[in-house]
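Participant: coords below, sequence missing:
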């Protein structure tokens, strides 16, 4: 591999990581998605970003709107690092997941 290609590949990998794992998840961001600030996460927020897909697959397994459910569940999990147990309800186990609302005030997370 040519020496001039190494910095480009390194930059490409770093950009890919930045897109895959936003600052809120990796670096803590503004504290949103956790318990509002430093300290330990609350409400079962103990998942790693790579745990979201299987947890959301279970959460969305009984819905007829699988694609939408998986999209929003994974987005919520990436922010909150928590997915409520079961296929419906139980959102109290993940306050961040439960409290994230749409612009119209409805629940963002399935």
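Facilitator: Cool, the structure landed. Just so it is clear, the structure is predicted and the values come from calculations on it, not from any experiment.
Participant: in the chain, where is pLDDT below threshold?
Facilitator: 1-6, 8-45 (pLDDT under 70).
Participant: at 80 instead, please
Facilitator: Scanning the chain for pLDDT under 80 picks out the ranges 1-46.
Participant: okay, helices next: where are they in it?
Facilitator: 5-20, 23-26, 52-59, 66-80, 95-99 (DSSP state H).
Participant: can you verify my assumption that residue 107 contacts residue 97?
Facilitator: No. Using CB atoms under 8 Å, residue 107 is not in contact with residue 97, being 9.1 Å away. For glycine as for every other residue, the C-beta is placed from the backbone atoms N, C-alpha and C.
Participant: with neighbour numbers in mind, choose between these two.
Facilitator: residue 97 (28 against 14; other CB atoms under 10 Å).
Participant: please give me every residue in contact with the more buried one.
Facilitator: 43, 76, 77, 80, 82, 83, 84, 91, 109 (CB atoms under 8 Å, 6 or more residues apart in numbering).
Participant: these two touch, right, the fourth one and residue 96?
Facilitator: Yes. Applying CB under 8 Å, one finds residue 80 in contact with residue 96, separated by 3.7 Å.
Participant: tell me which of the two has more neighbours.
Facilitator: residue 80 (28 against 24).
Participant: distance to residue 58 added to the contacts of residue 97, as a markdown table?
Facilitator: Shown next, in a markdown table, are the contacts of residue 97 (distance: CB to CB, whole Å):
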| residue | distance to residue 58 |
| --- | --- |
| 43 | 18 |
| 76 | 14 |
| 77 | 11 |
| 80 | 16 |
| 82 | 13 |
| 83 | 8 |
| 84 | 10 |
| 91 | 15 |
| 109 | 14 |
